[in-house]
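Q: pasted the sequence and its predicted model underneath.
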Amino acid sequence: MPNIKVFSGSSHPDFAAKVVDRLGIDLGRVVTKKFSNLETCVEIGESVRGEDVYIVQSGCGEINDNLMELLIMINACKIASAARVTAVVPCFPYARQDKKDKSRAPVSAKLVANMLTAAGMDHIITMDLHASQIQGFFDLPVDNLYAEPAVLKWIKENISEWKTSIIVSPDAGGAKRVTSIADSLKVDFALIHKERKKANEVSDMVLVGNVTDRVAILVDDMADTCGTIVKAADKLKEAGATKVYAILTHGIFSGPAIARINGACFEAVVATNTIPQDEHMIQCDKIRCIDVAMIFAEALRRTHNGESVSYLFANVPY
């Protein structure tokens, strides 16, 4: 593939390595470091003049430092005369702050979009944005890929009773995602309505649907402290579900999340590798990982060659 350079930030180098391995190219040389006052320094180690540049940096780990590193890398490539700079952000940072839901609340996702645009980004590739309307925060092309094809593949290969299972959304916001998966599998779906006292704390849950004597598969776009999905799993068990699985696109698993999963009634908690899961899998044997690097690699290849990316919305590349 001529005229293409792929660089990795420091947030998820293993993911970037899998992407370039799939493409059959080498990672671009870049050195990222911090000065003694913790300012971020980036040195691009090869020419990008006239090249199609892709920078892989996920919104995980030390999110603010990694976001700043991405902005600097974009700007460094842009002022070094790169033809096009694409940010590959598997997990978009600040995606949950996508609306003004109370007085004086910030819309931080829009601020991040403005910062990336100001840095010189021409295009962004991400996966399962927390809210689809975040795409409208950008005045440039956005490819929002879906984990759904990989999730469907995992369900069919790993849950023997999937034909009689029921797909469950842990909140009303995920209803569209759950109905799409349920329709693809030709199974029923259910919904849990939750009421929050405050962020990261759920006060009450009501199950809408019948899960008695069935395998329940909770599906959500992200889990942070895991309070919601653990309470949802308990609710499903109380309602008569035989087994409970949770499938998430972005497994953040911060704070008490691992301890909660270890103490919960899950058969497995499945997350994609948009966020590194190796450490989480060591700490909790219930956590499984779906590799979506090949979806991003194919999106990069199609973007670079000017091909349609819509094939990836319903298919996992071989």
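A: Looks like it arrived, so ask away.
Q: can you show me the strands along the stretch 101-250 of the chain?
A: When secondary structure is read from DSSP state E, counting those that start in this stretch, the stretch 101-250 of the chain shows strands at 123-127, 142-145, 166-169, 188-198, 201-208, 215-223, 243-251.
Q: got a list of contacts for the first one?
A: Defining contact as CB atoms under 8 Å, 6 or more residues apart in numbering, one finds that strand 123-127 is touched by 54, 84-92, 116, 138, 140-147, 249, 272, 274, 292, 295-296, 299-300, 303. No exception for glycine: its C-beta is placed from N, CA and C like everyone else's.
Q: what do you get for the second one?
A: Residues lying outside strand 142-145 but in contact with it, judged by CB under 8 Å, 6+ apart, are 123-129, 132, 135, 292, 295-296, 299, 303, 309, 312-313.
Q: switch the cut-off to 7 Å
A: Strand 142-145 is contacted from outside by 124-127, 129, 132, 135, 295, 299, 309, 312, using CB atoms under 7 Å, 6 or more residues apart in numbering.
Q: quick one: buried ones out of the contacts of strand 123-127?
A: A residue is treated as buried here by neighbour count (16 or more other CB atoms under 10 Å); on that basis the buried members of those are 54, 84-92, 116, 138, 142-147, 249, 272, 274, 292, 295-296, 299-300, 303.
Q: got the domain ranges for the protein?
A: According to the domain assignment given by automatic domain parsing, the chain is divided into the following structural domains: 4-146+293-313, 148-290.
Q: can you list the low-confidence ranges for this structure?
A: In the predicted model of the chain, residues 195-203 satisfy pLDDT under 70.
Q: just the buried residues of the longest helix seen in it, please?
A: In the chain, ranked by residue count with DSSP state H as the criterion, the top helix is helix 63-79. Of the residues in helix 63-79, those scored as buried under the neighbour-count criterion (16+ other CB under 10 Å) are 65-67, 69-78.
Q: what do you get for stretch 277-296?
A: By neighbour count with 16+ other CB under 10 Å, stretch 277-296 contains the buried residues 277, 280, 284, 286-290, 292-296.
Q: ok, and what's touching stretch 150-159?
A: Under the criterion CB under 7 Å, 6+ apart, external residues in contact with stretch 150-159 comprise 162, 165, 181, 184-185, 215, 217, 245, 247, 270, 272, 290, 292, 295, 316.
Q: run through who's touching stretch 31-47.
A: Where contact means CB under 7 Å, 6+ apart, the residues beyond stretch 31-47 that reach it are 9-10, 28-30, 65, 68-69, 72-73, 76-77, 80.
Q: and for stretch 9-27?
A: Taking CB under 7 Å, 6+ apart as the criterion, the residues outside stretch 9-27 that touch it are 1, 4, 6-8, 32, 55-58, 60-61, 66, 69-70, 73, 90, 273, 276, 293-294, 296-297, 300-301.
Q: quick one on the thing from earlier: out of the contacts of stretch 150-159, what pair is the most spread apart?
A: Looking at those by CB to CB, the two members farthest from one another are Val215 and Ile295, with 26.0 Å of separation.
Q: just to revisit the earlier point, which ones among the buried ones among the contacts of strand 123-127 are found in helices?
A: Assigned to helices by DSSP H, the following of the buried ones among the contacts of strand 123-127 qualify: 116, 295-296, 299-300, 303.
Q: which two among these are spaced furthest apart?
A: Of all the pairs that those form, the one spanning the most space (CB to CB) is Leu116 and Ile295, at 21.2 Å.
Q: any idea how far Lys235 is from Leu111?
A: Between Leu111 and Lys235 the distance is 36 Å, computed by CB to CB, to the nearest Å.
Q: those two: which has the busier surroundings?
A: Using other CB atoms under 10 Å as the criterion, Leu111 and Lys235 rank with Lys235 on top: 20 against 13.
Q: let me see the contact set for that one.
A: 192, 205, 207.
Q: now the residue of the chain positioned farthest from its centre: how far from Val42?
A: Distance from the centre of the chain peaks at Ser36, with 32.1 Å (CA atoms, centre = their mean). Ser36 sits 16 Å away from Val42, going by CB to CB.
Q: then Ser81?
A: From Ser81 over to Val42 the distance is 16 Å, taken as CB to CB.
Q: again with Ala95
A: 24 Å.
Q: one more: Arg288?
A: If you go by CB to CB, the gap between Arg288 and Val42 works out to 34 Å.
Q: pretty sure Ala131 is touching Asp98, no?
A: Yes: the pair Ala131 and Asp98 passes the contact test of CB atoms under 7 Å, sitting 4.6 Å apart.
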